[in-house]
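[1] Below: sequence and its predicted model.
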Amino acid sequence: MIEDPGLQALREAARLSPDNLPLRHHLAGQLLAKGYLAEAEAEYRAALMLAPKDADITAGLAEAFVRQGAHGAALAALEPLLATPGYPPRLGVLAARALLGEGDTARAGYRYHEAVSRDPSVADAELAARLSAPPVTAAPVAARPHQAPPASPYAAAPASPYQSAGSATPVGVGAERSSVSFADVAGMDAVKEALKIKLLLPVQQPELFAAYGKRAGGGVLLYGPPGAGKTHLARAAAGELGASFVSVGLADILDMYIGSSERNLRDTFEMARRNRPCVLFFDEVDALAARRSDMRQAHTRQLVNQFLAELDGVDQNANEGVLVLAATNAPWYVDPAFRRPGRLDQPVFVPPPDAAARAAILRILCRDKPLAEMDFDAVARVTEHFVGADLKGVVDRAVEAKLHQSLSAGRPIPLLTADILAAAQGMRATAVREWMATARNYVMHANDSGAWDELLPWMKTTW
Ligand code: ADP
């Protein structure tokens, strides 16, 4: 119950003129400021209906969520704007708070770091202090001596507290054998072909490539909407090649302490070299390879420089047999220096699946499940804009429902087309449409070097 008479009057005014955006926005701000969080959330939601992409309103809604502990909802609200080029840095700070609330310290640190380097005035001492508490999962925690963390990891450049960490590989990073191959990747024929020529043939037929002065090594930047299968493809490439697979996430590399991220990166490359032939896979590489021109602080550039140096290797043979695959949903944030020969010189678009590819993905996903009959094409038809990850969600949900039925029946009941269709009905495609809208911006307005030409045909379709 709101007792503040000023707020009550404002609410009444907003009720009488529901389409008055400035009024609603003002009311929402007042509610938030006075701690009426659920009411503020409702007002921000209503305001957002009137102005769907408004950054201030989105920020208000996200803050209302964060203060209610609804961190996932805050991230969902921020996501579309965070995917837009040059988004307001204060949204990055809010995202950092939400990520921290979810326990994702590494990404929270990255978001905060990026936001503050773009606009130091958004710095938040309290948040920075929470971020600088030693992370629970990040790299060599065990090696960290017990000492007070620096006040803010980004204010100054504190020396690393563990200079003598040696060449221990970051915790969580290890070489594995991949159990999947290209046969497990549905569709994507053009992408598989590009990877074969770039990665597999030089290893399988080194003499032929040597005759043309080419050697095995180097990298490919896989980009496309989230969930379209970049990670799956990288794993399959390792399997196809019989190479070991080293998968690296942000949390494995990013560290609060200046210098430690660079060391983690170097150690990871070293480990890949020890395990050659090896596919070294970097997920969310835009965070490790961001444009240096976007960074205001010198030390954030050091990680990018280190990454470039590792890709180049100390000598010609350093990375022989180490195939670097890097994935990103936001290739436009990657520093153009990565596209030079021998680095991630070949951007490869991993597209959302068309109907035939969706049917093929569903067939693979249902391969080991008890099926009665299954019309994969029918499911593919009703799942327009679904990517592989979405389809996996659909199948998981159908299987779960069937499992419940089987448990009560006391016998396994096979899956039917209708089960998958029912599961699909309750779900929405995640991010393809938003991703395509962002991509269109870059293709239309920031494609001077032709880097995104591959996307042009995709822009003709309505998403
Ligand atoms: P991304 O790395 O692009 O975000 P993922 O590779 O994590 O996407 O895809 C999520 C899941 O979707 C994979 O683990 C895999 O099960 C499934 N998937 C995606 N694309 C395909 C495909 N082309 N064929 C088979 N399964 C796929």
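    All right, it came through fine.

[2] surely Glu434 meets Pro80?
    Yes - using CB atoms under 8 Å, Glu434 makes contact with Pro80 at a distance of 5.3 Å. In this view, the C-beta of every residue, glycine as well, is placed from N, C-alpha and C.

[3] could you point out which element follows whatever helix or strand Ala356 lives in?
    For Ala356, the element it lies in under DSSP states H and E is helix 355-365. Where DSSP H and E defines the elements, the next helix or strand beyond helix 355-365 is helix 376-382.

[4] For the ligand, tell me whether that following helix is touching it.
    No - on the criterion CB under 6 Å from any ligand atom, helix 376-382 is out of touch with the ligand, staying 12.5 Å away.

[5] now the helices for the stretch 251-400 of the chain?
    For the stretch 251-400 of the chain, helices defined by DSSP state H, counting those that start in this stretch occupy the ranges 260-274, 298-312, 355-365, 376-382, 388-409.

[6] Quick one: name the residues of this protein near the ligand.
    Residues of the chain lying near the ligand (CB under 6 Å from any ligand atom): 185-188, 226-232, 327, 361, 364, 388-389, 392.

[7] hmm, back to that, so can I have TSV of the helices of the stretch 251-400 of the chain showing mean neighbour count, mean pLDDT and distance to Leu222?
    Output for the helices of the stretch 251-400 of the chain, formatted as TSV (neighbours: other CB atoms under 10 Å; pLDDT from 0 to 100; distance: least, CB to CB, whole Å):
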stretch	mean neighbour count	mean pLDDT	distance to Leu222
helix 260-274	21	93	17
helix 298-312	19	86	15
helix 355-365	20	95	16
helix 376-382	18	95	23
helix 388-409	17	91	13
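
[8] I'd guessed Ala429 sits against Gly388; true?
    No - taking contacts as CB under 8 Å, Ala429 lies outside contact range of Gly388: 11.4 Å.

[9] And the residue of the stretch 351-463 of the chain closest to the ligand?
    Gly388 (2.0 Å; CB to the nearest ligand atom).

[10] Give me the nearest residue to that residue, chain neighbours excluded.
    Gly229 (4.4 Å; CB to CB, 6 or more residues apart in numbering).

[11] what's that neighbour in contact with, if anything?
    Gly229 is in contact with 185, 188, 350, 353, 387-389, counting by CB atoms under 8 Å, 6 or more residues apart in numbering.

[12] With respect to Ala74, which of the residues you listed is nearest?
    Ala389 (21.5 Å; CB to CB).

[13] In space, what's closest to that closest one - neighbours in sequence excluded?
    Gly227 (2.9 Å).

[14] For that neighbour, what is the enclosing helix or strand?
    Here Gly227 is assigned to no helix or strand, by DSSP H and E.

[15] What is the neighbour count of the closest residue to Asn447 other than its chain neighbours?
    In space, and not counting its chain neighbours, Asn447 is closest to Asp453: 7.1 Å by CB to CB, 6+ apart. Neighbour count for Asp453, taken as other CB atoms under 10 Å: 12.

[16] again, but for Gly259
    Gly259, neighbours per other CB under 10 Å, totals 20.

[17] do the same with Ala13
    A count of neighbours around Ala13, defined by other CB under 10 Å, yields 14.

[18] how close does Val173 get to Gly450?
    From Val173 over to Gly450 the distance is 35 Å, taken as CB to CB, to the nearest Å.

[19] give me phi/psi at the residue nearest the centre of the chain?
    Nearest residue to the geometric centre of the chain (CA atoms, centre = their mean): Glu284, 4.8 Å. Here is the backbone geometry of Glu284 (degrees, to the nearest 10): phi 50, psi 50.
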